[in-house]
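Undergrad: Quick check, what structure comes out for this input:
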Amino acid sequence: MRSHIAEYISPGHPDRLADALVESLVDLAVQRDNKAFVGVECAVHTDHVFIDGRIAAGKGGCAVSNEEVEEIVQNVYREAGYGGSWIPAPENLKIIQNICLEPLSEEERAIRGLSDDQNVVTGFACNHPETDYLPPAHFIANYIGRNIDRWRRKESDNFGPDFKVLVHIEKNNGRYAWRRLTLSIQHRKGLFASEQHARVLPVVREILMELEARGLVGIANLPLENFILNGMGDFIVGGPEGDNGLSGKKLAVDFYGPEIPIGGGAICGKDPHKVDVAGAFRARELARRLLKEFGGSAVTVRLGWSPGDAAPVFREAERIDSLGLIHPIPASALPPEEWFYIDSIVSDLRLVSFSRSEKVLSGYFFNQHV
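TA: Sure, this is the predicted structure:
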């Protein structure tokens with residue numbers, strides 16, 4: 001019997017706010033200039049937002065303005081659920097910008113197909129089509145979290161934007177069963193534990209019934225005592241009022257959960273030509289392709305770029321068979337070098353038009369795109 005654990009982090013959590021904010025800046029820049037160079041970071045605390053980094057896009061002047069950055073910040077907070085009963089109010093934010101906003105030079109534009117840094121990326125796919133070929137605990141945590149977020153928006157007078165889901169399941173004789181399901185969710189003052197349970201439990205039951213219909217763990221084997229709601233007591237002060245947040249911290253959530261190595265870099269705040277992004281999506285695509293071709297229970301792909309490379313200098317893949325044994329996949333079975341070119345990846349996977357900020361708000365990157 002083996003345990004599996006994973007979590008979901010809501011759009012209103014401080015780290016996710018910071019991630020969605022920088023991803024929204026990436027989306028805006030690459031929509032206006034498909035070769036835009038973007039490397040930005042964000043920190044949030046109370047009613048303060050700090051943004052730094054570089055956006056080089058457009059000709060004759062930067063395609064993104066300071067005023068638009070401020071508008072994006074407010075929109076991200078608003079979309080996450082802040083305003084009204086839940087502070088900070090988007091219109092009252094103190095936004096501090098230290099971003100280099102400039103046009104993209106022709107010299108730099110010409111080399112966007114080359115890696116501007118080194119990095120190692122990992123791609124993973126497991127033989128679970130019912131979970132989009134993602135680790136089941138990771139998929140289940142996100143499925144529950146996204147549905148709770150949709151429900152929370154209808155219950156916004158009672159429950160706030162900041163919450164987390166923790167899934168703990170076990171696999172025994174090929175079947176998954178619950179060990180524990182934990183939900184910590186911000187709530188209004190005066191909403192006591194009994195009323196929280198009365199409002200939340202029916203929603204959780206409905207979500208678990210949906211999971212059961214997909215052939216995953218459901219309501220039937222989750223005893224009430226194994227569902228923990230706000231285990232530390234009242235959760236009234238949340239979001240950036242209760243904690244600070246920083247972009248690029250939720251790497252395990254963005255990738256495959258805590259059981260799978262994730263390589264060397266974050267996705268959030270970086271344009272599609274950066275290998276942290278392009279490489280991660282290509283590696284996931286290749287893992288799914290090799291799983292279909294070679295079978296087994298899972299495939300892992302590792303790619304490594306050096307500065308100045310158009311394609312990774314390191315390409316490696318391995319599969320795990322039904323007995324748990326690891327088998328290298330021969331290099332001759334991998335695609336040709338040009339398939340790994342950065343420009344090819346960005347074009348093939350439509351990474352310029354793919355809205356990554358929506359993926360941050362919805363939960364994770366790899367559920368449907370590749």
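Undergrad: Tell me the confidence at residue 361?
TA: Residue 361 carries a pLDDT score of 57 in this model.
Undergrad: Kindly apply the preceding question to residue 364 instead.
TA: 52.
Undergrad: how about the chain, which residue sits the furthest from its center?
TA: residue 60 (34.0 Å; C-alpha atoms, centre = their mean).
Undergrad: List the residues that contact residue 6.
TA: 135, 137-138, 140-141, 166-167, 257-259 (C-beta atoms under 8 Å, 6 or more residues apart in numbering). All C-beta atoms are positioned from the backbone trio N, CA, C, and that covers glycine.
Undergrad: please redo it, this time with the cut-off set to 7 Å
TA: Going by C-beta atoms under 7 Å, 6 or more residues apart in numbering, residue 6 touches 135, 137-138, 141, 167, 257-258.
Undergrad: Mind putting the residues you listed into a markdown table with secondary structure and pLDDT?
TA: Shown next, in a markdown table, are the contacts of residue 6 (DSSP: H, G, I helix; E, B strand; the rest coil; pLDDT from 0 to 100):
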| residue | secondary structure | pLDDT |
| --- | --- | --- |
| 135 | coil | 94 |
| 137 | helix | 95 |
| 138 | helix | 94 |
| 141 | helix | 95 |
| 167 | strand | 96 |
| 257 | coil | 93 |
| 258 | coil | 93 |
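Undergrad: Straight-line length of stretch 171-178, end to end?
TA: In stretch 171-178, first residue to last residue: 9 Å (C-alpha to C-alpha, to the nearest Å).
Undergrad: Sorry, slip of the keys, the one I care about is stretch 319-328.
TA: 6 Å.
Undergrad: ok, residue 249 to residue 19 distance?
TA: 8 Å (C-beta to C-beta, to the nearest Å).
Undergrad: From the contacts of residue 6, keep the buried residues only.
TA: Buried by 16 or more other C-beta atoms under 10 Å: 135, 137-138, 141, 167, 257-258, out of the contacts of residue 6.
Undergrad: hmm, back to that, please tabulate the contacts of residue 6 in CSV, including the columns distance to residue 99.
TA: Shown next, in CSV, are the contacts of residue 6 (distance: C-beta to C-beta, whole Å):
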residue, distance to residue 99
135, 36
137, 37
138, 33
141, 33
167, 37
257, 32
258, 32
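Undergrad: For residue 161, which residues are in contact?
TA: Counting by C-beta under 7 Å, 6+ apart, the residues that residue 161 touches are 10-12, 80-82, 86, 186, 239.
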